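> take a look and give me a structure for this.
(one chain, ligands or ions: 1)
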Amino acid sequence: MRLLLILLIPTLLLAGSGNVDPEILKRGYRVYQENCSICHTEKATLWEFLKARLNVLSGRRPENIDAPPMNLVSARIKEFYPNELEFVEFVKDYITHPSKKKGVCQPAAYAFFGTMPPIGQGMDEEDKEAVALWLYYRYSDIWHDVFKRVKELQKRVQSKK
Ligand code: HEC
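Alright, predicted model coming up:
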């Protein structure tokens, strides 16, 4: 019985982290720092998110940022592509051939920042894979509730106009 547990526990732990090699996540973080951090900050707090959202609601560009913060990007894409494989495919393709048509960001992101440059075109496949996996596993914030409440607030503000 004990032996069975010893054999099972590592498998369970691995299943929880989706079998991803920590070295790949480290590499992904390096790729993020070198290629993405100039526009995407790593993490916006709830307060920063709400401030930016208020700006957007009143038609102003969010301050001090050039792109949506990565924790929001990650959460937003997971709403459309919750599965790891689909998520990674989406990100690899998007950074190589970005377009408003296939993007899942809030329309305001395009309005204020424009479409992102096809930065993935100069990157090698393994770096793209690593950064996409990093983006998937780096964050576990649950933003569904926040997004939903903000949408309701937005509707209320707009119906008063
Ligand atoms: C020059 C600035 C810039 C750089 C560098 C940049 N991005 Fe972006 N990114 C943006 C902007 C602006 C948006 C929002 C508009 C859009 O989605 O195209 C965005 C959106 C995204 C999205 C959301 C796509 C969607 O559904 O709309 C992903 C994913 C993303 N970026 C990943 C990356 C990764 C990974 C890197 C680094 C390898 C990177 N970006 C580098 C500016 C940038």
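> alpha carbons only for contacts and neighbour counts from here, please
Noted.
> what residue ranges in the chain score low on pLDDT?
Across the chain, residues meeting the criterion (pLDDT under 70) sit at 1-18, 141, 144, 161.
> all strands of it, in order?
With strands called from DSSP state E, the chain shows none.
> mind checking the longest helix of it?
helix 144-160 (DSSP state H).
> thought I119 was touching D93?
No. I119 lies out of contact with D93 (Cα atoms under 8 Å); the separation is 10.7 Å.
> can you list the residues of the protein near the ligand?
Within the chain, the positions adjacent to the ligand are 32, 35-36, 38-39, 67, 73, 91, 95, 98, 103-105, 109-110, 113-117, 131 by Cα under 6 Å from any ligand atom.
> now the buried members of those residues.
Neighbour-count burial (16 or more other Cα atoms under 10 Å) applied to the residues of the chain next to the ligand gives Y32, C36, A67, V73, V91, I95, P98, V104, A109, Y110, M116, V131.
> just flag the most distant two among these.
Y110 and V131 (21.9 Å; Cα to Cα).
> okay, Y32 and I24: tell me how far apart.
Using Cα to Cα, to the nearest Å, Y32 is found at 12 Å from I24.
> distance check, the residue nearest the centre of the chain against V88.
The centre of the chain sits closest to S74, judged by Cα atoms, centre = their mean, with a distance of 1.8 Å. S74 sits 11 Å away from V88, going by Cα to Cα.
> list residues touching both of the two?
Residues touching both S74 and V88 (Cα atoms under 8 Å, 6 or more residues apart in numbering) are Y136.
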